[in-house]
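Chemist: Got a sequence here, can you model it:
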Amino acid sequence: MQRQAGGPEELVLDEVETPQPGPGEVRIRVAASGVNRADILQRQGFYPPPKGITQILGLEVAGVVDAVGPVLDRPAPKAHPGPSSTSAWKDSRTTPKPGTPVVALLAGGGYAEYAIVPVGQCAPVPASMSMVEAAAIMETAATVVSNFDHIHVAAGETILIHGGTGGIGSFAIPYAKHLGLRVITTVGSPDNAAYAEKRGADLAVDYHGDWPDQVKAATDGNGVDAILDIIGAKYLEDNVRLLARGGRMTVIGLQGGTKGTLDLNRLLTKAATITATSLRFRPESEKTAIVRQVTEQIWPLFESGAIPLPPITEYPLAQAGDAHRLLESGKNQGKIVLTSM
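Modeler: All right, here's what the predicted structure looks like:
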């Protein structure tokens, strides 16, 4: 639980009433929960959960279905093309039974012994993965896949991915390479540059230096076709300057603030596009479709080794504050996961 908005010391273990699944929901006995930047923002008081969602942190879990709410009679989400080697149930109208291992995308509540989630936001745990590994990939994969679709990235293009060593970058870099893109990423140290290049980045530039000029030079002055941005306001002007004609940028994080200066004339002359999305606040129907797409298209890539799992640092749930301190330090490479006690 979180006592109040503030630092990592505000995260404490507490006893709360066991949640009960409602119509179309399941309760998961949590084995592992992924730690994300959004959790830090919520802890600090800057990213409250959607209305009606628990204040408990945590946007992704892996565990075993423990209880099932009343079944809803609703249509299946639109199917996405692609093979599926891990499908445990056909669609969101078919509820996983108690005892079924699942990985789930949440709007909140993952830092707990039990979590409630709509059926459609559950996916099978890939056969090749442990619970801890599964908990490390759902939120980042769902975020990256949906945003790459949103800005229509295509093979042969160049993409700039900010934050090449965190959870998002650790998945986005190899996924972009799988799609046939050239990848440039920003990092905070030579060690992190080596890590990002090992994940597949064509170029890693240190954001402590003149990274915009390095990106510009690496593209022969043409700029990049797409940008996946976790920073927000701090990088807005530089990002717009770096967009090629017809370039597209999607903002998925606000680590560098919420209000920046936008040169509309520069955007206009480039016929460029800026958009922003939040996976957490998407309606359930959209998240159901995204989870299904991840299950059908991304799980096989992990199982085949086409995309490697990120390195994972584990903390017990009781040390959630320490997990946040590591993530805030910028020294972490890969994903941080909380494990059950």
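
Chemist: for residue 105, phi and psi?
Modeler: Per-residue torsions, residue 105: phi -100, psi 120 (degrees, to the nearest 10).

Chemist: Compute the number of surrounding residues for it.
Modeler: Using other C-beta atoms under 10 Å, residue 105 has 28 other residues around it. Heads up, the C-betas are built off the backbone N, CA and C, glycines and all.

Chemist: Confirm that residue 160 sits in a strand.
Modeler: Yes: in this structure, residue 160 lies within a strand as judged by DSSP: H, G, I helix; E, B strand; the rest coil.

Chemist: My guess is it contacts residue 219. True?
Modeler: No: here residue 160 lies out of contact with residue 219, judged by C-beta atoms under 8 Å, at a distance of 9.1 Å.

Chemist: more crowded one of those two?
Modeler: Looking at residue 160 and residue 219 with other C-beta under 10 Å, you find the greater number of neighbours at residue 160, namely 29 against 18.

Chemist: Tell me who's in contact with the more buried one.
Modeler: Contacts of residue 160 were listed using C-beta atoms under 8 Å, 6 or more residues apart in numbering, and they are 184, 185, 186, 215, 224, 226, 227, 228, 239, 242.

Chemist: For the third one, which non-adjacent residue is closest in space?
Modeler: Distances taken as C-beta to C-beta, 6 or more residues apart in numbering put residue 207 closest to residue 186, at 4.4 Å, once the chain neighbours are dropped.

Chemist: who touches the one you found in this structure?
Modeler: Contacts of residue 207 (C-beta under 8 Å, 6+ apart): 162, 186, 187, 188.

Chemist: In this structure the second one contacts residue 212, no?
Modeler: No: in terms of C-beta under 8 Å, residue 186 does not count as a neighbour of residue 212; the distance is 9.8 Å.

Chemist: more neighbours, those two?
Modeler: Neighbour totals were compared for residue 186 and residue 212, and residue 186 leads with 29 against 19 (other C-beta under 10 Å).

Chemist: before we move on, which element is that one in?
Modeler: In this structure, residue 186 is located in strand 182-187 according to DSSP states H and E.

Chemist: between that strand and strand 158-162, how many degrees?
Modeler: Inter-element angle recorded for strand 182-187 and strand 158-162: 20 degrees (by axes from the mean of the first three to the mean of the last three C-alpha atoms, to 10 degrees).

Chemist: Return the set of buried residues in strand 182-187.
Modeler: Going by neighbour count (16 or more other C-beta atoms under 10 Å), the buried part of strand 182-187 is 182, 183, 184, 185, 186, 187.
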